[in-house]
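Peer 1: below is the structure, and that's it, no one-letter string:
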C-alpha cells in the first residue's frame, strides 16, 4: 500500500494525532496524554470521521483509566462508566464514539477475572487492536474496490471518506489507493463539499500527499466535468446504509448520484459492514441532522450573506438505492438486488 | 412593481451606483464623476451583471466626453474612439460593455449634423434612455413570467439574475417580483453559487430587501430541497442562448437543470432577446471562460485547500435545450421546438 499518513497512532505513553483543524495549510501532530486532551481533540474536530473517532475514543478510555491500576474492580468499573459518559459528551451524535466506549466497558465486564492492573494493559491492547481491525476492513474494501477502477480512470468523490476519516486507508479512497499501488494510473476529482469544505481541506490534502493526481472542483462543477467525459466512475462513502440500499452521506451526495445516472457513469458506495443497519428498512427512516446557518453564511470567517437571512443547512442527504451501481464492502462488491444481497452479508457470518 | 433598488442612476452631475463589492453587509452608494471612476467601478465589480455594465458604460462614455463640448467634430469623434477603447479595457470579455460603447460611437456618427455641444447632451439622454429600455424589457419578462408562478409557489434560482444585474428589475427574478406585486405569495430558494457566492451575496440581499421570503442553500443542497418537494419551479438567467435553445449561464446551472428534470420540476430560463445569438447553432459553439483557481482555494481571504493543488474553475456551463421547459422573454413565453420558435421572435420584428 502507498505510504499513507498514520494520522492516529500510539507512541510511547501518548496518543499522537494529526491536528486536522490546521489542515490543509499545516501538518502538525499533537500528543494526547489525558482523557481531557482526548475529549478536547474529538470536540473541536482535531480528529474526525466515524472510524477515526471510534479509535480515538478507545485510546481516550485508556488514558482516562490508566491511573486506576490500584483501584478495586468495582471502583474501576465505576470509573470506566464515568469516563465513558464524559468522553461521549464530546460529540453527542457520533455513533462510533458511543460504540467504542461501550466496547471498552463491555470488555472490562468480560475480563473481570483479571487483576485491574492487567485490565488496564488489556485496554491499551484493545485500542491498538481497533486500529488493526479498521486497517483490515479498509484494505479489504480497497482490494475489492480496485477491480472496479480501470487503468487510466478518473474517479470523482464527494466529501472525505479517505484515510483521514479512518485509522489509515479510508473507505471511498481505499480502492483508489489500492489501484494506484497495483500500478494503475488513476486521477481523482474532489468536490470541495460545502459548507465545511472537507473535500478541499482533507481529500485534496491526503491525495496530494500520497502522490495521487487530484483536481479540486466546486460542488456545482461536477455536472460539467461529467458532461465533458472527464469522469469514469464515482465512489463515495456513507454514514448509514438501510436494508434496501438507500444510504445517508454528506449533503450533496444525492445530487452527484443523479448526475452520474444522467451521464451513464457508475456510482459506487464504499462502506464497512458496521455502517449497514438492517433494522432500517429504507432511507426514509434515517434522521437528517440540520446544522447552524452560520456554517453557510460565515464559513470562511467572513460574512458572505445578509444578516438575518434564512438558511437551510442539512448535514446529510439520502440517496435512494436505485442510483447505486454497487456497494463496496470488506466482504466484496454487492450488486442489486440490495435488499437480498446486503442481508446475505450478515447471514454468512 | 415592488420598491426595488435604483442601484444605478443619474443624479445631478454624477452616475450614482450601489457599491456591490460591499454587499451583503454594507449598502453604500458611490458617485462617479469621471470616466476613470467609471472604469474602476466596472473593473473591480462595484457594478456587475451584463445589462447593468452596459448602462454604466454608456454613462461612462458621457463622463469621458462631457469636457469635449468645445472640440471640433473630428477631434470629438477621435476622443470618443479613445475613451471607448479605454472603457472596454476594464473588462475585456464583457459583451455588453463593448456593445454599449459601440452604440454610443454609432450615435455620434449618426448625429454628426448636430453641434458637438448638443451631441454631448444627447449622449447623456441616450444613457438615461438605456435605463428605461432595460426597465421595459425586464418588466415585460416579469409580466409574461409571472403567469408561470402559481399562488404559494416556491421558486429555486441560481446565481444572480436579479435587479442588481440589470438596471432595476432583473431577468430571472422579475417574474418573482411581478407575481408578488400581483398579490401572490412566493418564496425563493437561492443557491449560494460557488465560487463567488453571487446567490448568497446578491440574490439573498435583494430579495430580503424587497420583502420576498428567501432561504439560502449551498449549491449541493438543491437536490435535497427538490426531493423534499419544496421547489415548484426553477428560474435562471442566461449569458448567451444559441439558436437551438442550448444556453450558457453561471457554472452550476446545468446541474440544477438535470436535478429539476429528475424531480419533474419545470425549468425556465428568463432572457432578453439581446442575449439570444442565432448565429450560434448550438451550445457547443459557446466558449467557456476558465477562471483562476484562487477563486476556489482562497475566495474569502482564507486558504481552504492545499498549496499547489490543481483546480478546475469554469465560470459558466452549457445547459442543453432538452432540459428547458420554456424561455421567458420580453416578447412572451417561448416553448419548444426552440429552434423554430426562437428564430420566429426575430422574424416578427
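Peer 2: Here it is on my side, so go on. Quantities reported herein were computed from a predicted structural model and do not represent experimental measurements. Numbers count the residues shown, from 1 in each chain, chains lettered A, B, ... in the order given.
Peer 1: look up the residues forming beta bridges with the closest residue to residue A:33 other than its chain neighbours.
Peer 2: Leaving aside its chain neighbours, residue A:33 sits nearest to residue A:14 (4.9 Å; criterion: CB to CB, 6 or more residues apart in numbering or on different chains). Bear in mind the C-beta positions are built from the backbone N, C-alpha and C, glycine included. Residue A:14 has these beta-bridge partners by DSSP bridges: residue A:11.
Peer 1: residue A:153 touches residue A:186, doesn't it?
Peer 2: Yes - counting by CB atoms under 8 Å, residue A:153 touches residue A:186, with 5.4 Å between them.
Peer 1: contacts for stretch A:274-282?
Peer 2: The set of residues external to stretch A:274-282 that reach it, using CB atoms under 8 Å, 6 or more residues apart in numbering or on different chains, is A:50, A:137, A:238-244, A:246, A:286, A:329, A:342-343, A:345-346.
Peer 1: is it correct that the residue nearest to residue A:33 is in contact with residue A:30?
Peer 2: No - with contact defined as CB under 8 Å, residue A:14 does not count as touching residue A:30 (9.1 Å).
Peer 1: what is the neighbour count of residue A:92?
Peer 2: As a burial measure, residue A:92 scores 8 neighbours (other CB atoms under 10 Å in any protein chain shown).
Peer 1: so it, which of the three states?
Peer 2: coil (DSSP: H, G, I helix; E, B strand; the rest coil).
Peer 1: gap between it and chain B?
Peer 2: Counting by CB to the nearest CB, to the nearest Å, the gap from residue A:92 to chain B is 24 Å.
Peer 1: which non-adjacent residue is nearest residue A:71?
Peer 2: In space, residue A:71 is closest to residue A:116, 5.7 Å off (CB to CB, 6+ apart).
Peer 1: same check, this time on residue A:77
Peer 2: residue A:108 (6.0 Å).
Peer 1: then residue A:10?
Peer 2: Nearest non-adjacent residue to residue A:10, counting by CB to CB, 6+ apart: residue A:128, 5.9 Å away.
Peer 1: just residue A:238 next, same as before
Peer 2: Nearest one to residue A:238, counting by CB to CB, 6+ apart, is residue A:247 at 4.3 Å.
Peer 1: what is the one you found paired to in the beta sheet?
Peer 2: Counting by DSSP bridges, residue A:247 is bridged to residue A:241, residue A:319.
Peer 1: mind pulling up the pLDDT for it?
Peer 2: As predicted, residue A:247 sits at a pLDDT of 97.
Peer 1: isn't it right up against residue A:322?
Peer 2: No - here residue A:247 does not reach residue A:322: they are 11.8 Å apart, not a contact under CB under 8 Å.
Peer 1: of the two, who's got more company?
Peer 2: Comparing residue A:247 with residue A:322 by neighbour count (other CB under 10 Å), the higher total belongs to residue A:247, at 33 against 12.
Peer 1: show me what contacts the more buried one?
Peer 2: A:238, A:239, A:240, A:241, A:269, A:271, A:283, A:318, A:319, A:321, A:324.
Peer 1: take those and write them to a markdown table, including distance to residue B:333, neighbour count and pLDDT.
Peer 2: What follows is these, written out as a markdown table (distance: CB to CB, whole Å; neighbours: other CB atoms under 10 Å in any protein chain shown; pLDDT from 0 to 100):
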| residue | distance to residue B:333 | neighbour count | pLDDT |
| --- | --- | --- | --- |
| A:238 | 43 | 25 | 95 |
| A:239 | 43 | 20 | 91 |
| A:240 | 44 | 21 | 91 |
| A:241 | 44 | 30 | 95 |
| A:269 | 41 | 29 | 98 |
| A:271 | 46 | 26 | 96 |
| A:283 | 37 | 21 | 95 |
| A:318 | 35 | 22 | 97 |
| A:319 | 35 | 27 | 98 |
| A:321 | 38 | 22 | 98 |
| A:324 | 38 | 25 | 98 |
